[in-house]
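S.K.: Structure for the following, please:
(chains A and B)
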Protein chains: 2
Amino acid sequence: MVRIAPISESLPAFLASRNYSQIAVLVDEQTKKHCYPRVKNLLPKHRLIQIRSGETQKHLGTAGEIWKALTDAGFDRHGLLLNLGGGVIGDMGGFCAATYKRGIDFVQLPTTLLSQVDASVGGKLGIDFEGLKNHIGVFRIPDAVLIDAGFLATLPFRELRSGFAEVIKHCLIADASKWEEIRNKEWEEQNWEDLISHSVAIKEKITESDPTEKGLRKILNFGHTLGHAIETHFLEDPKKRLLHGEAIAAGMITEAWLSFKRGWLTEEELLQLEEFLFTTYGKADIRPEDFEAIVALTAQDKKNRGKEIRFSLLKGIGTCVFDIPVTKKEMTEALQYYIG
Amino acid sequence: MVRIAPISESLPAFLASRNYSQIAVLVDEQTKKHCYPRVKNLLPKHRLIQIRSGETQKHLGTAGEIWKALTDAGFDRHGLLLNLGGGVIGDMGGFCAATYKRGIDFVQLPTTLLSQVDASVGGKLGIDFEGLKNHIGVFRIPDAVLIDAGFLATLPFRELRSGFAEVIKHCLIADASKWEEIRNKEWEEQNWEDLISHSVAIKEKITESDPTEKGLRKILNFGHTLGHAIETHFLEDPKKRLLHGEAIAAGMITEAWLSFKRGWLTEEELLQLEEFLFTTYGKADIRPEDFEAIVALTAQDKKNRGKEIRFSLLKGIGTCVFDIPVTKKEMTEALQYYIG
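M.R.: The predicted model follows:
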C-alpha cells in the first residue's frame, strides 16, 4: 500500500489500523535531525535506532547493528520497524525487518525524491557485499509506503536532482508524452507531487505484474546496467563519487546510444535525450582508462544469465525491451560516445 | 516438492527438468566424506563449498563465507545451490541462497533423520545470532527436497535418535494411533522409511496451510518452547551440550506436564509419554540452578507476543492447541517435575 499524503495524516491512520507490540524508528544522523522531529509526536512510545548515513554504511556490519538493536529492545514478531530516510535506510532497514525472526512488519517513510519514486516501491531490499550493490537481499513488499513530498524541502539540490533521474527513466520506458512534458520544462517548473504520483504509478504497475523480476520488471533497469557499473567504479573515490541518479543519467545516455545503434531510437531522439540529461546533470568524469573496469563490473549485474550481459533498452521513447545481449566491445563504444 | 526416493533417481530427474547456469554443493567435512561420494557423479560440472560442521558454525560469519564463495564462483541468479547435510547445512545454505542476489534456487538433500523429517520441510531458513537460534532468517520453500533414507546408514546412533524426537512429536500432535504404534515398538523394530513418509506428510500438510506461522503451524512447536531454551542454555557447555532432539525430548515431557496440569492429558497419558521418552533419551542433567536461565530464554521464542510466553500444548494425544499463555512459575514447576 503506497499512500502519497502528509505524514501527519497517513501515519496515524496506518497505526490505528494495526496492533503492534513494539515500534522502532530507523534513522541516520541526517534524518534524525531533519525528518524525525516531524514524525516523533505522531507515534506512541517507541525506540530510535540510529546508523551512520551513506551508501558506504550499507553493509553486513550495519545490518548486524540493526538486528542487535531490535534484539536488545526485546522485539518480538509483532513489532514494527519504521524506516525514515532515503534508499540506504529503506533497503537496509527493510532487509533487516524482513529477516529478523524470519520477518517483522516494516513501513517505508522515504524522505528523498529517489527513495520516494524508486526504492520504496517494488519490494527490493538488501545490502551491499564485497563492493557489489544490493548483492545480499530479499524481495518483500513493505506493509506500507507513506510518501510525504514535504520532506523534499529538507533535501540538498544534488539529492533532489539525483532522484529526478528515476522520474526521467519512468517517462522514457513507459510514457512518451510525459517525457515531452518534463524535457520542455525548466527545473524550477517541475511539479514534484505530480511527478511522484506518476512515477509511483508506473513502478507499482510494473512490479506488481512481475514481483521477482522474472521478465517485464527488468525494464526498470534501463540505464542501470552501465549506470550501476559506473556508480560502483567511482564508489571508493571521494572526489569522483557519483550519486545514484547522476550515475544513472550517464547510464541512460550510454544505453540510449546502444538503442540508437540497433535502429531503435532516431538520431533526433538520442540527441534530445542526451541534451536534456547533459544540461541537467553535466558530464561525469569518465576516462578511457576507466572503461575496462566499468565494463567488467557489468558482469556482476543481477539480471545476467551465464556469461552474457543483458540490457534493458529503449525501443522508441516510451517503450523498453529486456534481455538484450550486448557485447563488451559495444559497451566500450557506448562509453566512448559518452565522453565524446 | 518433497520426494522420498534413492538420490540416484531423484536428483538426475530434478536436474533434467531445469536449466541451471551453475551448480554448487554445500557440504561440511562430515558430509563431504560420507555423503558427497554418492552425489558427486550424479552432477554435471559443479563447485564444492565446504564449511565446518556443527550448530556453533551457524552464524553470520559462515553465511558470509557461503555468499563469498558464490560470488567468487560468479554465480548469477540462475544458479542452483544443493545443500547436502543436516539442519545446519539446510537452514544456512537455504538462507544464503534465498538472499544471494535476492534469491537463487536451492535444493535440500537432507542427510540426517532430523533434517529429513523436520528442517527440510516447511521453508524455515536462518542462522543463529547473538546466541539466539534461527534469529535471522526468512521463510522460503526449497525448489525441491530430495530425501534418501540410505543416508541414515552414515549416521551415529545419537544423531538418529535425535531425529526420532521430531517423529514422536508429529505423532503426539497429529496421530494418536501412530503414537501407539511407535511407543510399543523396540528401537530396532522402527521402520525409518515409513516414519519419514509419515512425518513429512504431517509437516507438509500443516505448513502448507500456514506457511508463515500465523496460526496452526505453531503446533509444530510442541516441546520446543522449553526445549529450545534448554538446548540454548547448554549450547556453550561442551560437556552438557544436547542434540536438538534430546533437548526437545525434555521439552516434550515438561510441556506435557503443563497439558496435564490443565486437565488436557490424563495421568496415564503423561506417564506413558514420559516413560517412552525417558527410556529412549535418558534424563538431561538439568539442575535447579539452571531453571531461572532456562525460563528467561523462553522470552526470546519467536512465537511470543509482547511479554507473555505462549506455548503449544497437547489437548489429548494426537491434538495440539497453540497460543496458550504459561507463567514463569508454571515453567519452573514443569522443570522441577522433570528433574523429579
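
S.K.: gap between residue A:134 and residue A:171?
M.R.: Using C-beta to C-beta, to the nearest Å, we find residue A:134 at a distance of 24 Å from residue A:171. Every residue, glycine included, has its C-beta placed from N, CA and C.

S.K.: now swap in residue A:73 and tell me
M.R.: Counting by C-beta to C-beta, the gap from residue A:73 to residue A:171 is 43 Å.

S.K.: Residue A:188 now?
M.R.: For residue A:188, the distance to residue A:171 - C-beta to C-beta - is 19 Å.

S.K.: Which one of those two is surrounded by more residues?
M.R.: residue A:171 (23 against 5; other C-beta atoms under 10 Å in any protein chain shown).

S.K.: And residue A:130, its phi and psi?
M.R.: phi 50, psi 40 (degrees, to the nearest 10).

S.K.: Revised request: answer the last question for residue A:242.
M.R.: Dihedral angles (degrees, to the nearest 10) for residue A:242: phi -110, psi 150.

S.K.: just the residues of the stretch 51-200 of chain A that are near chain B, which are they?
M.R.: A:60, A:64, A:67-68, A:71, A:74, A:76-78, A:98-103, A:124-126, A:129-130, A:132, A:134-139 (C-beta under 8 Å from any C-beta of the partner chain).

S.K.: which of the residues you listed are buried?
M.R.: A:60, A:67, A:71, A:76-78, A:98-103, A:124-126, A:129, A:132, A:134-139 (16 or more other C-beta atoms under 10 Å in any protein chain shown).

S.K.: what's the closest non-adjacent residue to the residue nearest in space to the middle of chain A?
M.R.: Nearest to the centroid of the C-alpha atoms of chain A, with distances taken as C-alpha atoms, centre = their mean, sits residue A:119, at 4.0 Å. Excluding the flanking residues, the one nearest residue A:119 by C-beta to C-beta, 6 or more residues apart in numbering or on different chains is residue A:87, at 3.9 Å.

S.K.: Quick one: residues contacting the one you found.
M.R.: Counting by C-beta atoms under 8 Å, 6 or more residues apart in numbering or on different chains, residue A:87 touches A:110, A:112, A:114-115, A:118-119, A:244.

S.K.: Lowest-confidence entry in these?
M.R.: By pLDDT, residue A:119 ranks lowest within these, coming in at 85.

S.K.: And the strands in the stretch 1-150 of chain A, which stretches?
M.R.: Along the stretch 1-150 of chain A, the segments classed as strands by DSSP state E, counting those that start in this stretch run A:2-4, A:22-28, A:47-51, A:79-85, A:105-110, A:124-129, A:132-139, A:144-147.

S.K.: What segments of chain A are helices?
M.R.: A:7-16, A:29-34, A:36-39, A:60-72, A:87-99, A:113-114, A:157-174, A:176-183, A:192-209, A:224-233, A:244-261, A:267-281, A:291-297, A:328-339 (DSSP state H).

S.K.: Next, format the ones you listed as CSV and append distance to residue A:1.
M.R.: Putting the helices of chain A into CSV (distance: least, C-beta to C-beta, whole Å) gives the following:
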stretch, distance to residue A:1
helix A:7-16, 8
helix A:29-34, 22
helix A:36-39, 18
helix A:60-72, 23
helix A:87-99, 15
helix A:113-114, 20
helix A:157-174, 20
helix A:176-183, 24
helix A:192-209, 10
helix A:224-233, 26
helix A:244-261, 25
helix A:267-281, 32
helix A:291-297, 36
helix A:328-339, 39
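
S.K.: Tell me which of those approaches residue A:313 most closely.
M.R.: Taking C-beta to C-beta, helix A:244-261 is the member of the helices of chain A nearest to residue A:313, at 4.6 Å.

S.K.: so the closest one versus strand A:132-139, what angle?
M.R.: 90 degrees (axes from the mean of the first three to the mean of the last three C-alpha atoms, to 10 degrees).

S.K.: roughly how far is helix A:244-261 from the heart of the chain?
M.R.: 16 Å (C-alpha atoms, centre = their mean, to the nearest Å).

S.K.: so what does it touch, helix or strand wise?
M.R.: helix A:157-174, helix A:224-233, helix A:267-281, strand A:310-314, helix A:328-339 (3 or more C-beta pairs under 8 Å, 6 or more residues apart in numbering or on different chains; DSSP states H and E).

S.K.: burial count for residue A:3?
M.R.: Residue A:3 has 16 nearby residues by other C-beta under 10 Å.

S.K.: what sits against the closest residue to it other than its chain neighbours?
M.R.: Counting by C-beta to C-beta, 6+ apart, residue A:3 lies nearest to residue A:10, which is 4.8 Å off, once chain neighbours are set aside. By C-beta under 8 Å, 6+ apart, the contact list for residue A:10 reads A:3, A:144, A:146, A:148.

S.K.: okay, the helices and strands packed on helix A:244-261 in CSV with mean pLDDT next?
M.R.: CSV is the format used below for these (pLDDT from 0 to 100):
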stretch, mean pLDDT
helix A:157-174, 97
helix A:224-233, 95
helix A:267-281, 97
strand A:310-314, 97
helix A:328-339, 97
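
S.K.: Could you save these as JSON lines and add columns showing distance to residue B:199?
M.R.: Shown next, in JSON lines, are the helices and strands packed on helix A:244-261 (distance: least, C-beta to C-beta, whole Å):
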{"stretch": "helix A:157-174", "distance to residue B:199": "49"}
{"stretch": "helix A:224-233", "distance to residue B:199": "46"}
{"stretch": "helix A:267-281", "distance to residue B:199": "60"}
{"stretch": "strand A:310-314", "distance to residue B:199": "43"}
{"stretch": "helix A:328-339", "distance to residue B:199": "52"}
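
S.K.: between the ones you listed, which gets nearest to residue B:50?
M.R.: Taking those one by one with C-beta to C-beta, helix A:224-233 is closest: 29.5 Å.

S.K.: so what secondary structure elements neighbour the closest one?
M.R.: Under the contact criterion of 3+ C-beta pairs under 8 Å, 6+ apart, helix A:224-233 touches strand A:132-139, helix A:244-261, helix A:291-297, strand A:310-314, helix A:328-339.
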